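Asks: Show me how the following folds:
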Amino acid sequence: MYKRILTAGLLFGMIATGPPAWAAGCGLRDVLVEKLTETYAERLTATGLQNAQSMVEIWTSDKTGSFSILVTRPDGISCLVSAGNHWTVVEEIAEAPAGVGG
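Replies: The predicted model follows:
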């Protein structure tokens, strides 16, 4: 009897918690891109290959200052790995003259 109650409790607990948090941030790239462009006014500003199976995309908005970082797989599935506000573009800093600073 105790095993049945414990098993039922565990199963109910697993069902009640829903899918893992990371699953909520993944989906078809086209759907995520539409949300980023229409809802947050973001545009693709940088990309890079992480490896043969994933590309990193950085989406930013000059209008709102928001940013999103996606990792996209070859099968068209993207996952949102980070997002935030106050995105700032850092210009290249000129090197200090020889003998100055360090």
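Asks: Give me the distance between Glu57 and Gly27.
Replies: Distance of Glu57 to Gly27, computed by Cβ to Cβ, to the nearest Å: 14 Å. All C-beta atoms are positioned from the backbone trio N, CA, C, and that covers glycine.
Asks: the more surrounded of those two?
Replies: Here Glu57 and Gly27 are compared on neighbour count by other Cβ atoms under 10 Å; more neighbours surround Glu57, at 20 against 15.
Asks: Is that one in a helix, a strand, or coil?
Replies: Secondary structure, DSSP: H, G, I helix; E, B strand; the rest coil: Glu57 is strand.
Asks: coming back round to it: which residues are in contact with each of Glu57 and Gly27?
Replies: Common contact partners of Glu57 and Gly27 (Cβ atoms under 8 Å, 6 or more residues apart in numbering): Ser78.
Asks: Which positions in stretch 31-46 come out as buried?
Replies: Neighbour-count burial for stretch 31-46 flags Leu32, Val33, Leu36, Tyr40, Glu42 (criterion: 16 or more other Cβ atoms under 10 Å).
Asks: Cool, thanks, signing off.
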